[in-house]
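Chemist: fold the following, please.
(chains A and B)
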Amino acid sequence: MTAPVVELRGVAKEYGAVVAVDDISLEVQKGEFVVLLGPSGSGKTTLLSMLGGFTPPTRGQILIEGRDVTGKAPAQRPTVTVFQDYALFPHMTVRDNVAFGLAMRRVPKPQRHELAYAAITQVGLSDFSDRRIHQLSGGQRQRVALARAIVIEPAVLLLDEPLGALDVKIRRQMQHELHSLQRDLHATFIHVTHDQEEAMSLADRIVLLNEGRIEDAGPPERIYREPATVFAATFMGDTNIVRGTVSKAGGGRVAVETAVGTLDCKGSGEAGEAVCLSLRPEAIRCGKANGPDSVPLGTGRLGDFVFQGTFRRCHAVAGPDASVRLQMRLPPEIEIEPEAQTPIWIRSSDIVVLKEGQNDR
Amino acid sequence: MWARWRSQLPVGIYLLVMLTFIYLPVIILVLFSFQHGVLPVPPFEGPSLEWYRKAFSNDRLMDALLNSVIIALSSSFGATILGFFAAYGMFKHTPVGASAVRFILMAPMTVSYLIIGLGLLIVFNFAGIGKSLLSVGIAHCVINLPICYAIIYSQFGGHLRNIDNAAHDLGASDIQTMIYVIIPVMAPPMLAAFLISATLSWDEFIIAFLLSSFDVTLPVMIFEMLRAGLTPEVNAAGTIVFAISVGLAFFAAVAILLRPERKS
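Modeler: Predicted structure coming up:
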């Protein structure tokens, strides 16, 4: 493995008694697209700001390309930040905005214009290089901010919720473009967002933050399918958390006593240990169980149907005294009478065993 | 329609009375500068430009007018530059005791011009500058600095923080950031501050009276002419002062309306 392009060693940021970032260590490889994902207040923006050099860390070390940049100013780091509000220079044309970084590096004018034009073309704005910023739409401003950053070929591009202000359709399109831009440039991108769908569609690796700590880190699919903690399971899409107690363990499998019966699944633990099970809504099915690994969840009373286009959302009330409420996603073509009683089941492989963490309420 | 018009009538009358109260003296002043006679008192004896001709050929008056122009422009330039530096500094940094610094910057606004004038008179005598146009210029710079600071600081919005960060991030030094990015973005409020400051300097009397000796500004000159006796020439000079003030205020309003673009 080659040396990481970014390395954080025990980085922390405290504002008085408030801990924004709590002892984070992280490595980012060259060419990786890392998404820092978390709810507001999770410390993701503070972490990015420390990488960019705008916020000095309280403790810890930041290395970029093997150099310690902890105390260095933004200009002395091989990073460029794309800000949430784009921070374009309103009095300049698109070309002058993009060429600004080059001008500060004393690149001669003809060459500067050539490079700027290439970057503007790369983000698809070649017809707009003489426009002023206020003549552009939000999506176009976003592209200018990107071009202004990539033109100086930073080792790491830092993106602070760059798509937050755009409407859904343009956001999807920009996600796609960001992704291909990163592939074309073979550049390292570190992107901050609170939108788990955006994180999944962009990231090679998601770093999930909560209350200043790394909750889980890994490829999107792994985090979705096998989240490390209850927080990771609930933040990455919808899920049902069912609490239970391990009754039998061994051979890489556990049996967990829950309100919807004894569920047998993959996992480790000790008999008597309290655990949480994550059951994704789309994994819970209704009707007759089939297949050897199906696990019955008892009989559910279905209600609260909401048609959502690609699926039909509903709730199943199950367990003794109707104590468990499970969210489900049924195929839209299935028509079920409201309040119908039906057997529900899940595949054993779709059950994820999670330890009770200190962050779980 | 009629009912509505009637319900608005008392408001209209009130407005008319209020405007008359404010503007009648100015209208009288302007009207009697065109008096065809020797006294600027009713009755109005028909229009004449005689007093303007006299005013424009009065060398003392014209010298005072030029002095006023020079002092207004140079003191406002100084106040705007200093006000910008103070505002930019307070925007970028939060020094220990920031509110104390802010108070000190704004304090001259709360002190009467008479006190500031007397204080400066003592200081200038002590420093050997004495009473002169230079003293008046410096004094106008002192009284207008808080106003320039307040106008410019009010326009340093949150969107400028990231713009400032972005310029530094792209490799600009502090001075390059200020010259290539911050000053161009802040040009409209700086122009507004300059024009408002120039307007205030233009018709400031107390300090100019205390700190000038033989060379005087236009308001001081008008005061001297009044002591010599009431003629429509004073009205003519007053009208010139008024017209230029209105012009400056108008441009200041335009500059404020052209303030920097907010984030979209």
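Chemist: chain A contacts on the stretch 101-250 of chain B?
Modeler: By the rule CB under 8 Å from any CB of the partner chain, the part of the stretch 101-250 of chain B lying against chain A is B:159, B:162-163, B:165-173, B:176, B:180-181, B:184-185, B:187. Every residue, glycine included, has its C-beta placed from N, CA and C.
Chemist: now which of those residues would you call buried?
Modeler: Among these, those buried by neighbour count (16 or more other CB atoms under 10 Å in any protein chain shown) are B:159, B:162-163, B:165-172, B:176, B:180-181, B:184-185.
Chemist: what mean pLDDT does stretch A:306-317 have?
Modeler: Here stretch A:306-317 scores 86 as its mean pLDDT.
Chemist: buried residues of it, list them for me.
Modeler: For stretch A:306-317, the neighbour count (16+ other CB under 10 Å) marks A:311-317 as buried.
Chemist: any chance of CSV for the residues you listed, columns distance to residue A:68?
Modeler: CSV is the format used below for the buried residues of stretch A:306-317 (distance: CB to CB, whole Å):
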residue, distance to residue A:68
A:311, 50
A:312, 55
A:313, 50
A:314, 55
A:315, 53
A:316, 55
A:317, 57
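Chemist: list just the nearest of those to residue B:255.
Modeler: Residue B:255 has its nearest neighbour among the buried residues of stretch A:306-317 in residue A:313, at 55.9 Å by CB to CB.
Chemist: surely the closest one is within a strand?
Modeler: Yes - checked against DSSP: H, G, I helix; E, B strand; the rest coil, residue A:313 lies within a strand.
Chemist: can you classify the residue nearest to it when sequence neighbours are not counted by secondary structure?
Modeler: Of all residues not flanking residue A:313 in the chain, residue A:306 sits nearest, at 4.5 Å (CB to CB, 6 or more residues apart in numbering or on different chains). Following three-state DSSP, residue A:306 is assigned to strand.
Chemist: ok, now which ones touch residue B:200?
Modeler: Applying CB atoms under 8 Å, 6 or more residues apart in numbering or on different chains to residue B:200 gives the contacts B:140, B:143-144, B:147.
Chemist: let's see 10 Å
Modeler: By CB atoms under 10 Å, 6 or more residues apart in numbering or on different chains, residue B:200 lies in contact with B:72, B:75-76, B:79, B:140, B:143-144, B:147, B:245, B:248.
Chemist: now residue A:320
Modeler: By CB under 10 Å, 6+ apart, residue A:320 lies in contact with A:259-261, A:298.
Chemist: now the helices for chain A?
Modeler: Along chain A, the segments classed as helices by DSSP state H run A:44-52, A:94-104, A:109-122, A:138-150, A:168-185, A:196-202, A:220-225, A:230-235.
Chemist: and the last one, how far out from the chain middle?
Modeler: Spelled out, that is helix A:230-235. Chain-centre distance of helix A:230-235: 12 Å, with CA atoms, centre = their mean, to the nearest Å.
Chemist: likewise for stretch A:152-165?
Modeler: With CA atoms, centre = their mean, you get 15 Å for stretch A:152-165.
Chemist: again with stretch B:122-142
Modeler: For stretch B:122-142 - counting by CA atoms, centre = their mean - the centre lies 19 Å from the chain centre.
Chemist: try stretch B:179-193
Modeler: On CA atoms, centre = their mean, the centre of stretch B:179-193 falls 19 Å from that of its chain.
Chemist: that stretch - what's its average pLDDT?
Modeler: The pLDDT scores in stretch B:179-193 average 91.
Chemist: equivalent analysis for stretch B:119-127, please.
Modeler: Mean pLDDT, stretch B:119-127: 88.
Chemist: using PDB, write down the CA coordinates of it.
Modeler: Below are the C-alpha coordinates for stretch B:119-127, written out as PDB (Å, rounded to 0.1, in the frame of the first residue of the first chain):
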ATOM      1  CA  GLY B 119     -10.400  69.600  22.100                       C
ATOM      2  CA  LEU B 120      -8.800  69.600  18.700                       C
ATOM      3  CA  LEU B 121      -8.100  73.300  18.900                       C
ATOM      4  CA  ILE B 122      -6.100  72.700  22.100                       C
ATOM      5  CA  VAL B 123      -4.300  69.700  20.600                       C
ATOM      6  CA  PHE B 124      -3.500  71.600  17.300                       C
ATOM      7  CA  ASN B 125      -2.200  74.600  19.200                       C
ATOM      8  CA  PHE B 126       0.000  72.300  21.300                       C
ATOM      9  CA  ALA B 127       1.200  70.500  18.100                       C
END
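Chemist: for that stretch, list every residue counted as buried.
Modeler: B:120-121, B:124.
Chemist: how about stretch A:180-194?
Modeler: Buried residues in stretch A:180-194, counted by 16+ other CB under 10 Å: A:181-182, A:187-194.
Chemist: so of the residues you listed, which ones are in strands?
Modeler: Using DSSP state E, the members of the buried residues of stretch A:180-194 that fall in strands are A:188-193.
Chemist: and these, which two are the farthest apart?
Modeler: Largest separation among those by CB to CB: A:188 and A:193, giving 16.7 Å.
Chemist: closest to residue A:278 out of the contacts of residue A:320?
Modeler: Set against residue A:278, the nearest of the contacts of residue A:320 by CB to CB is residue A:260 (13.6 Å).
Chemist: kindly give the local confidence score, pLDDT, for the closest one.
Modeler: Looking at residue A:260, its pLDDT stands at 85.
Chemist: tell me if I'm right that it and residue A:343 touch.
Modeler: No - look at residue A:260 against residue A:343 with CB atoms under 10 Å: they stay out of range, at 11.4 Å.
Chemist: still on that earlier bit, can you tell me how far the residue nearest to residue A:313 is from chain B?
Modeler: Noted for residue A:306: a distance of 35 Å to chain B, by CB to the nearest CB, to the nearest Å.
Chemist: got the contact list for residue A:58?
Modeler: Counting by CB under 10 Å, 6+ apart, residue A:58 has contacts A:11-15, A:19-21, A:50.
Chemist: show me the residues you listed that map onto strands.
Modeler: Under the assignment DSSP E, these contribute A:11-15, A:19-21 to strands.
Chemist: which one of those residues has the most neighbours?
Modeler: residue A:21 (27 neighbours; other CB atoms under 10 Å in any protein chain shown).
Chemist: leaving out sequence neighbours, find the closest residue to residue 50.
Modeler: Defaulting to chain A. With sequence-adjacent residues excluded and distances taken as CB to CB, 6+ apart, residue A:50 is closest to residue A:57, at 5.0 Å.
Chemist: to clarify, I was referring to chain B.
Modeler: residue B:36 (7.0 Å).
Chemist: could you report the neighbour count for the one you found?
Modeler: Using other CB under 10 Å, the number of residues around residue B:36 comes to 13.
Chemist: residues near residue A:333, how many?
Modeler: Residues within reach of residue A:333, counting by other CB under 10 Å, total 6.
Chemist: how near is it to residue A:311?
Modeler: Distance, residue A:333 to residue A:311, using CB to CB, to the nearest Å: 10 Å.
Chemist: before we move on, what about residue B:14?
Modeler: Plainly put, residue B:14 is 65 Å away from residue A:311 if you go by CB to CB.
Chemist: for residue A:264, same thing?
Modeler: Shown here: residue A:264 relative to residue A:311, a distance of 27 Å by CB to CB.
Chemist: per-residue confidence for the closest residue to residue B:142 other than its chain neighbours?
Modeler: Closest residue in space to residue B:142, ignoring its immediate chain neighbours: residue B:108 at 6.2 Å, by CB to CB, 6+ apart. What the model reports for residue B:108 is a pLDDT of 82.
Chemist: so residue B:108 makes contact with residue B:145?
Modeler: Yes - using CB under 10 Å, residue B:108 is in contact with residue B:145, at 6.9 Å.
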